[in-house]
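Student: pasted the sequence and its predicted model underneath.
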Amino acid sequence: MREVAILGVAMHAWGKFPDKSVLQMSLDTANAALKDAGVDWCDIGGVGAASSHFSGGMGWGLSANELLQAAAMSGVPVFNVSAACAAGGSAFNAAYLMVSSGICDIALAVAGEKMPKGFIPRTPGAADDITDLDYLRWSVIGFPNPGYWAMEATRRMYEYGTKEEHYARVSVKSHKIGSINPYARYRKALTLEEVMNSPMVNYPLRLFEICAVSDGATAVVLAADNVWRKRTTKPVLVAASATATGQYGDPQIRIPEISTTVKPGGQYYSEVVAAVQKAYKMAGIGPKDIDFTELQDNCSWQELSWPELFGLCKPGEADWLVDHDETGINGKMPINTSGGFLSFGEATTAMGLWQLCELVWQLRGQAGARQLNRAKVGLATTLGLGGNGSAIILKV
Amino acid sequence: MDAKVAKKVPVVEGLFTWPAEKPQLIGTRCRTCGSVFFPKKVACNNPACHEKKVEDVLLGTRGKLYSFTIQYYPPPPPFRYSEPFTPYGIGLVELPEGVRIAGILTTGDLNEIKIGMDVELVVDKLYEDEEGNEVVTYKFRPVK
Ligand SMILES: [Zn+2]
């Protein structure tokens, strides 16, 4: 395997862009990433693209083909990757595998997403019967996505004594960082009182503790050592890129299932935990070596639970760390120094690559007001519908 | 049938036995490893099981509340409910077969919902359809 570095990254503005197509957003962002990398379309030898997005498009997900047909019909191989909210991480993984294995020297990973208004609709064409879990969870129970996360959040309160205020404090921390991130969609700091007074959505989670949905696009340019060694002496290296799927016996209640078959020793949140463990092994490091982490805060609960699952702190310890602002920019376990999904809104399949922009900017020392004192090794993880997990470790 | 008594129609076929005096959830059991799944599955997903033969199984009707949430806003279609919307509990109920099942809690006083409490399966009204039928789903009710 060749040593791979990230040459360039770019992030589209985050928000609602009704007058701009997802292709235009992706193209603008890919062009910006190429510029950041100092390469041209003719240098790109392969493309990994997140394909499972809501805007449909050619063949319901031939995103890389659409992009190349718009910008550069160079004939290079592509991977259109479907992994729901983990698709950005998977698209990166596909591009990483092409470069590290020698299929090409420079690859582009790209993801663009335009979210539907309001609730995420059911997959078209599915049957209204017991074979469609999405139909069941809505029609039989009325069980929306935040309800699933809330189910885990309530259990955490029972097991560790976590209070509703802890979930609120995560939101306060994230919005505080969001207020100083020029890329964030929501740039207003919130007080604990404001979060606690926001409407209860799914007990114990309140409106300001759950991420909104946004349109967004991100792109990353990767290169093999024969390329990056000629260009830089300070590369941002890919220490690990791993994906995993859900395991038998995992006790999580996984969207859109209406049950979970639990077995002794079954790994909780197995798809994302297994991806992280694979990434540690691949990078030859442990959780103690991670300086900062971007993780999928669909709601506040993940910021408490997942650092513990990743071994970044002890089980049950995250509440104390949040109480003492140790997950903030000046803390000993910084989580979501971008401001997280809470400050951006989730552009589902784009988020895996979106996280890498924050990692790269921190590692390069380009994170402005949110720059960490120490940023040598960063971890980014996503979880997607259907039991998809991704974990990427970047280092300088 | 008494014309005044509304016909009770299951919200979806094949999820629970109906009509039945004591309704039960219909799941799948692996004939090799004994794992139980709900609703019915085409195979056992235990990677150690090479023989994927499964059979229908009726699940026990008593369990313990493992966790819960309270649904404070009306979920979108295809969920239907009787107006006006009132917040309701959704429980994750642990059955002795080793499966945890999500379902609506019948509890009227939401403060009474407690992790660890004993619950039992009931079939109860979800909404009334255009023909005047009572559309029913499975729910969990606290055992006094
Ligand atoms: Zn089996």
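Tutor: Nice, thanks for sending it over. Because the structure is predicted, anything quoted here is derived from the model rather than measured.
Student: tell me, how many residues neighbour A:L372?
Tutor: 18 (other Cβ atoms under 10 Å in any protein chain shown). For every residue, glycine as well, the C-beta is placed using N, CA and C.
Student: for B:H50, same thing?
Tutor: Counted with other Cβ under 10 Å, B:H50 comes out at 8.
Student: please name the nearest non-neighbouring residue to it.
Tutor: Spatial nearest neighbour of B:H50, chain neighbours left out: B:T32 (7.6 Å); criterion: Cβ to Cβ, 6 or more residues apart in numbering or on different chains.
Student: got a pLDDT number for that neighbour?
Tutor: Here, the pLDDT recorded for B:T32 equals 95.
Student: which phi and psi does it have?
Tutor: Phi and psi for B:T32, reported as degrees, to the nearest 10, are phi -90, psi -60.
Student: what sits closest to A:E3 if chain neighbours are left out?
Tutor: A:D225 (4.4 Å).
Student: now do B:V123
Tutor: B:P23 (4.5 Å).
Student: my guess is the one you found meets B:T137, correct?
Tutor: No: between B:P23 and B:T137 there is no contact under Cβ atoms under 8 Å: 10.5 Å.
Student: between the two, what contacts are shared?
Tutor: B:V123 (Cβ atoms under 8 Å, 6 or more residues apart in numbering or on different chains).
Student: show me which residues of stretch A:332-346 are buried.
Tutor: A:333-346 (16 or more other Cβ atoms under 10 Å in any protein chain shown).
Student: is it true that A:Y186 touches A:S343?
Tutor: Yes: using Cβ under 8 Å, A:Y186 is in contact with A:S343, at 5.1 Å.
Student: next, the residue nearest to B:V123: phi, psi?
Tutor: The phi/psi pair for B:P23 (degrees, to the nearest 10) is phi -60, psi 150.
Student: how about A:N145?
Tutor: phi -50, psi -50.
Student: was I right about it contacting A:R254?
Tutor: No: counting by Cβ under 8 Å, A:N145 stays clear of A:R254, with 11.1 Å between them.
Student: sorry, back to before: report pLDDT for the residue nearest to A:E3.
Tutor: 97.
Student: who's in contact with it?
Tutor: Each residue near A:D225 by Cβ under 8 Å, 6+ apart is listed here: A:R2, A:E3, A:V4, A:A5.
Student: how near is the first one to A:A224?
Tutor: Between A:R2 and A:A224 the distance, using Cβ to Cβ, to the nearest Å, works out to 4 Å.
Student: what do the two both touch?
Tutor: Joint contacts of A:R2 and A:A224 (Cβ under 8 Å, 6+ apart) are A:V99, A:S100, A:G102.
Student: tell me what A:S241 is bridged to.
Tutor: Taking DSSP bridges as the rule, A:S241 bridges to A:I392.
Student: partners of B:L95 in the sheet?
Tutor: Here B:L95, judged by DSSP bridges, has bridge partners B:V99.
Student: residues of the stretch 151-300 of chain A that sit close to chain B?
Tutor: A:151-155, A:158, A:199-205, A:248-249, A:251, A:253, A:258-263 (Cβ under 8 Å from any Cβ of the partner chain).
Student: could you report the pLDDT at residue 53?
Tutor: No chain in the question, so chain A it is. 79.
Student: right idea, wrong chain: chain B
Tutor: 93.
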